[in-house]
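In: output the structure for:
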Amino acid sequence: MNVGKFILNIVVAFIAYGVLYSAGDAMFADAFASAMAMMNPPEATMVPVLGYHLVQTVVVVWLFGKAVGSGDMKAGGMFGFMIGLYLVATDNNWFTIIKDFPQDARLPLDVMHLVIGVLVGMLLAFMWGRGWGFGADEGAEA
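Out: So this is what the prediction gives:
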């Protein structure tokens with residue numbers, strides 16, 4: 001495994017997740033408003049939340065290398081869809097369990113997880129296809 005390329009994949013995916021989820025939050029701000037009222041202010045939780053997101057990104061990138069490990073865009077998209085589906089199930093589990101948790105954000109967040117998952121999966125496949133993957137025997141595909 002090429003550690004430098006592994007870190008590159010993590011950084012690129014982390015930035016992509018940040019930009020895409022920020023755009024989604026802005027697009028669906030009204031739907032998220034009632035849920036945000038129940039949460040700690042972002043400035044109080046920013047550092048630990050970014051840390052947890054970084055750990056999630058490390059796991060996604062590593063799993064991509066194990067599950068796809070190529071420049072196959074379709075496989076990358078499907079991988080991302082499955083990661084998004086996992087996040088949908090996890091979030092909805094909590095949204096169901098937490099008493100009186102507002103449900104307005106459920107559908108927009110589900111859509112965001114799936115679409116962003118596909119986009120990041122395809123981005124990782126694109127990187128592998130250009131020779132920027134971290135596998136020992138990967139290389140640019142013709």
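In: only C-alpha atoms for contact and neighbour calcs from this point on.
Out: Fine.
In: which ones are touching the residue lying closest to K74 once chain neighbours are set aside?
Out: Nearest residue to K74, sequence neighbours excluded (CA to CA, 6 or more residues apart in numbering): M122, at 7.3 Å. Counting by CA atoms under 8 Å, 6 or more residues apart in numbering, M122 makes contact with 73-77, 80.
In: from these, which would you call buried?
Out: 73, 75-77, 80 (16 or more other CA atoms under 10 Å).
In: restricted to helices, list the residues you listed.
Out: Secondary structure from DSSP state H places 73, 75-77, 80 of the buried ones among the contacts of M122 in helices.
In: and which of those residues is nearest to G131?
Out: Comparing those against G131 with CA to CA places M73 closest, at 13.8 Å.
In: mind listing what that closest one touches?
Out: With contact taken as CA under 8 Å, 6+ apart, M73 is in contact with 121-122, 125-126.
In: in JSON lines: the residues you listed, plus distance to A89 and secondary structure.
Out: What follows is the contacts of M73, written out as JSON lines (distance: CA to CA, whole Å; DSSP: H, G, I helix; E, B strand; the rest coil):
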{"residue": "G121", "distance to A89": "18", "secondary structure": "helix"}
{"residue": "M122", "distance to A89": "21", "secondary structure": "helix"}
{"residue": "A125", "distance to A89": "24", "secondary structure": "helix"}
{"residue": "F126", "distance to A89": "27", "secondary structure": "helix"}
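In: by neighbour count, which of those wins?
Out: Most neighbours among these, by other CA atoms under 10 Å: G121, with 30 neighbours.
In: now F79, nearest residue through space, not along the chain?
Out: Nearest non-adjacent residue to F79, counting by CA to CA, 6+ apart: G121, 6.0 Å away.
In: return the distance of the one you found relative to G76.
Out: Per CA to CA, to the nearest Å, G121 is found 4 Å from G76.
In: can you list residues touching both of these two?
Out: Residues touching both G121 and G76 by CA under 8 Å, 6+ apart: F64.
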